[in-house]
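Trainee: generate coordinates for the sequence data below:
(2 chains)
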Amino acid sequence: MLSPTSRLKPLEEAAALVPDGERVAFGGFAVYQKPMGFIRELVRQGRKNLTVVGSAQSYDVDLLAAAGCLDCVETSYVGLEKYGLARHYRRAVENGDIRVVDYPEMVSWDRFRASQEGLAFWPVPFLGGNDIVKYNPSIKLFACPITGRPMHAVPAADVDVVVIHALAADERGNVVFPARRLLPQSNDVLMGRSAGKVVVTVEKIVSNAFIRKHARLVELPSYKVSAVVELPYGAHPTPALGAYLADEKHYEEYVAASESAEGTAAYLKKYVHLTGGNDAYLETIGAAQLARLKDMDSLL
Amino acid sequence: MMKPTLFETLAAVLAKDFNNGEVGFTGLLTGKAAAMFGTAIPIVAMELARRTRTPDLTLLLAGCYHNPDFSQLDRMPDCEHDALLRDLSAEAQTYDYPGQWALKRGDISFGFSSAVQVDVVGNINSVCVGPYEKPKVRLVGPILQPEHMTLFRREYIMMPHHERRNFVEKVDFISGVGFPGGEKGRRELGLDWGGPALVITPKCVFDFDREIGRIRVKSIHEGISHDELREATGFDLGNLDKTPITPRPSDDELRIIRHEIDPRQILFAPL
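Mentor: Presented below is the predicted three-dimensional model:
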């Protein structure tokens, strides 16, 4: 009998699945469970002209903005929640370096639902009078063919590639999600089902037997997944539900560095432009700090 | 008579505006003033209403946690989707979209928004200051404001600051639609229901003349002069001679807030 194909790839190789100019969606939501380890690799490889499509962004878009990797962002929110505005992103938009296409939050999810259903658009009946429509020629007014009421056709997310960070997968690419999940993890499932190319970084590669034990929680089976990468603490400094909490200490360091060009250059040198990839990053953060972030979850 | 704080007064004003059986949606805002206006006051208002008038009101914390047990919290949560809230006791927990509430069918009775600008027709803005294509300040984006201002049955706009730059003739970007052209104007835009009911600020309460679609002062908070209010507002307030003072909560309401809802001063922590 032939063996199933392994989709396990080193980080450097998987990052090549997101080339210059790609339309890419990053999983997670706002400041939760962002595939930061993968994004750091994109910065290391000097990726250019990316368009990020999503529902709510934070450190993902801000780090890419800091390194000049972005052309365009299509989303509902870019901010750092309690740490305020995303400084790099804000400056880049104000300078005209990044184009923003604003979408409402749940419409942003609906754009991925459209892609998942193979539709070119999602019908939205509540955008009349909103400036989102005024500045976005891709949104088209139409009359509902059944009732005649005015609606807007909002384009599907239509991304080239989706990148998410999950807890575990096997080498074949079966990805398991915790039963006790929240909106960011559900967003990952939605995004992972809405594109033809999906890259998943995971805390741990597990055996096929482990996957079989959790079959109901395998929301993305192997045929949906193009590549898996084992990337411990791959969401850091954002949290990964069921594994670790947000690193508030690192957030503070990041935000302080983002106030000036010198601070940003020093941050990128210290945490991103490292030989030795993700392992070198984790060494720099330090074992004691990482250990303190453990999410105990439920013992039941 | 017991002396209320401003926040207690505002919670009591809101509590009288809710109806039994409604579903109220709060976000989880961060930053002292923003969290007070956007999260703490709405929670206290709903808890007060549940205890005094509307036992079947459902409180949705962060849009996900149905009637959570606040007595289990040691501090106000400051993250919407992290482990602390995952483990909070609630009657139902939303973890996917679409989830328990059917947003577009109008399941949410009311919500609470904050914004950087509000204008005379009740439009709100959290996208940019200055021209959209070359903004002076790029803000976070529309977030859920478009949905709050149209799909929710009504909206309370919670403004933590009342300065001229926040209350403007016309917002720089409409990310949430008010009453342009009044209720008729909203219908012409294809909006079946919703829109701002009240605007709550540290200086006054606004409501709307829905016929003409214009904001008006409903009441002025104790100790705020007409001159001070006009000075802090970027549009004409009209004649204020007959405008009442914002009513104080009753002693009963204050006792419920202080002893039942927030005995450990977690929601109304001293600023």
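
Trainee: how about B:Thr5, what does it touch?
Mentor: Shown in contact with B:Thr5 (Cβ atoms under 8 Å, 6 or more residues apart in numbering or on different chains): B:Phe268. No exception for glycine: its C-beta is placed from N, CA and C like everyone else's.

Trainee: need the pLDDT of it.
Mentor: Looking at B:Thr5, its pLDDT is 97.

Trainee: number of residues surrounding the residue of the stretch 51-200 of chain A found nearest chain B?
Mentor: Going by Cβ to the nearest Cβ, chain B is nearest to A:Gly128 of the stretch 51-200 of chain A, at 3.1 Å. Neighbours of A:Gly128 under the rule other Cβ atoms under 10 Å in any protein chain shown: 21.

Trainee: in space, what's closest to it - neighbours in sequence excluded?
Mentor: Closest residue in space to A:Gly128, ignoring its immediate chain neighbours: B:Leu189 at 3.1 Å, by Cβ to Cβ, 6 or more residues apart in numbering or on different chains.

Trainee: for A:Glu219, same thing?
Mentor: Counting by Cβ to Cβ, 6+ apart, A:Val189 is the residue found nearest to A:Glu219 once chain neighbours are left out, at 4.4 Å.

Trainee: residue contacts, the residue of the stretch 51-200 of chain A closest to chain B?
Mentor: So A:Gly128 contacts A:150, A:152, B:177, B:188-191 (Cβ under 8 Å, 6+ apart).

Trainee: mind checking which helix or strand it is in?
Mentor: Assigned by DSSP states H and E, A:Gly128 belongs to no helix or strand.

Trainee: where does chain A dip in pLDDT?
Mentor: Counting by pLDDT under 70, chain A has no low-confidence residues at all.

Trainee: longest helix of it?
Mentor: helix A:105-116 (DSSP state H).

Trainee: next one: the helix or strand following that helix, is it in contact with chain B?
Mentor: Next helix or strand after helix A:105-116 toward the C-terminus (DSSP H and E): strand A:121-124. No. Against chain B, strand A:121-124 shows no contacts by Cβ under 8 Å from any Cβ of the partner chain, the least distance being 9.0 Å.

Trainee: helices of the chain, start to end?
Mentor: Looking at chain A here, since you left the chain open. So, for chain A - with DSSP H - the helices run A:11-15, A:36-44, A:59-66, A:87-94, A:105-116, A:131-134, A:183-192, A:208-213, A:248-257, A:261-267, A:277-285, A:287-292.

Trainee: hm, I was asking about chain B
Mentor: Counting by DSSP H, the helices of chain B are B:6-15, B:32-35, B:41-52, B:83-86, B:145-148, B:182-188, B:226-231, B:251-255.

Trainee: get me the contact residues on the stretch 101-250 of chain B for chain A.
Mentor: Contact residues (Cβ under 8 Å from any Cβ) of the stretch 101-250 of chain B with chain A: B:103-104, B:127, B:132-147, B:150-151, B:173-177, B:180, B:185-186, B:188-191.

Trainee: pLDDT below threshold where in chain B?
Mentor: B:271.

Trainee: closest to A:Pro4 out of the helices of chain B?
Mentor: A:Pro4 lies closest to helix B:83-86 among the helices of chain B, at 34.1 Å (Cβ to Cβ).

Trainee: and the closest one, C-alpha only, in CSV?
Mentor: The C-alpha trace of helix B:83-86 is given here as CSV (Å, rounded to 0.1, in the frame of the first residue of the first chain):
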residue,chain,number,x,y,z
ALA,B,83,-9.2,32.7,28.3
LEU,B,84,-10.7,34.8,31.1
LEU,B,85,-14.1,35.2,29.3
ARG,B,86,-14.0,31.7,27.9
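
Trainee: what sits up against that helix?
Mentor: A:180, A:182, A:239, A:241, A:245, A:295-297, B:61-62, B:64-65, B:77, B:79, B:93.

Trainee: redo that, cut-off 7 Å
Mentor: Helix B:83-86 is contacted from outside by A:180, A:182, A:241, A:245, A:295, B:62, B:65, B:77, using Cβ atoms under 7 Å, 6 or more residues apart in numbering or on different chains.

Trainee: stretch A:240-253 too?
Mentor: Stretch A:240-253 is contacted from outside by A:31, A:33, A:83, A:165, A:167, A:178, A:181-182, A:185, A:203, A:233, A:236-239, A:285, A:289, A:293-295, A:297, B:79, B:82-83, B:86, using Cβ under 7 Å, 6+ apart.

Trainee: so what's the residue in the stretch 101-250 of chain B that chain A sits nearest to up against?
Mentor: Chain A sits closest to B:Leu189 of the stretch 101-250 of chain B, with a gap of 3.1 Å, by Cβ to the nearest Cβ. B:Leu189 makes contact with A:128-129, B:177, according to Cβ under 7 Å, 6+ apart.

Trainee: okay, the angle between the longest helix of chain A and helix A:183-192?
Mentor: Using axes from the mean of the first three to the mean of the last three Cα atoms, to 10 degrees, the inter-axis angle of helix A:105-116 relative to helix A:183-192 is 30 degrees.

Trainee: so helix A:105-116, near chain B or not?
Mentor: Yes. Counting by Cβ under 7 Å from any Cβ of the partner chain, chain B has neighbours in helix A:105-116: A:105-106, A:109.

Trainee: who does that helix touch, helix- and strand-wise?
Mentor: Counting contacts by 3 or more Cβ pairs under 7 Å, 6 or more residues apart in numbering or on different chains; DSSP states H and E, helix A:105-116 is packed against strand A:121-124, strand A:150-155, helix A:183-192.

Trainee: so B:Asp192 versus A:Pro150, what's the distance?
Mentor: Distance, B:Asp192 to A:Pro150, by Cβ to Cβ, to the nearest Å: 12 Å.

Trainee: so between these two, which is more surrounded?
Mentor: Between B:Asp192 and A:Pro150, counted using other Cβ under 10 Å, A:Pro150 has the larger neighbour count: 16 against 12.

Trainee: quick one, what contacts the more buried one?
Mentor: A:Pro150 makes contact with A:128, A:141, A:143, B:190 under the criterion Cβ under 7 Å, 6+ apart.

Trainee: rerun at 10 Å
Mentor: A:125, A:127-128, A:141-144, B:188-191 (Cβ atoms under 10 Å, 6 or more residues apart in numbering or on different chains).

Trainee: need the buried ones from these selected in PyMOL.
Mentor: To isolate the buried ones among the contacts of A:Pro150 in PyMOL, judged by 16 or more other Cβ atoms under 10 Å in any protein chain shown, type:
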select buried, (chain A and resi 125+127+128) or (chain B and resi 189+190+191)
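
Trainee: in CSV: the contacts of A:Pro150, plus distance to A:Tyr251.
Mentor: As requested, the contacts of A:Pro150 are exported to CSV (distance: Cβ to Cβ, whole Å):
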residue, distance to A:Tyr251
A:Pro125, 38
A:Leu127, 34
A:Gly128, 39
A:Leu141, 41
A:Phe142, 43
A:Ala143, 47
A:Cys144, 45
B:Glu188, 45
B:Leu189, 40
B:Gly190, 41
B:Leu191, 39
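
Trainee: tell me the spacing between the residue nearest to A:Gly128 and A:His152.
Mentor: Taken as Cβ to Cβ, the span from B:Leu189 to A:His152 is 11 Å.

Trainee: tell me, what's touching those two both at once?
Mentor: Going by Cβ under 10 Å, 6+ apart, residues that sit against B:Leu189 and also against A:His152 are A:126-128, A:130.

Trainee: spit out the contact partners of B:Asp207.
Mentor: B:17, B:122, B:196-199, B:215-219.

Trainee: nearest to B:Gly238 among those?
Mentor: Closest to B:Gly238, out of all of the contacts of B:Asp207 and judged by Cβ to Cβ, is B:Arg216, at 6.8 Å.
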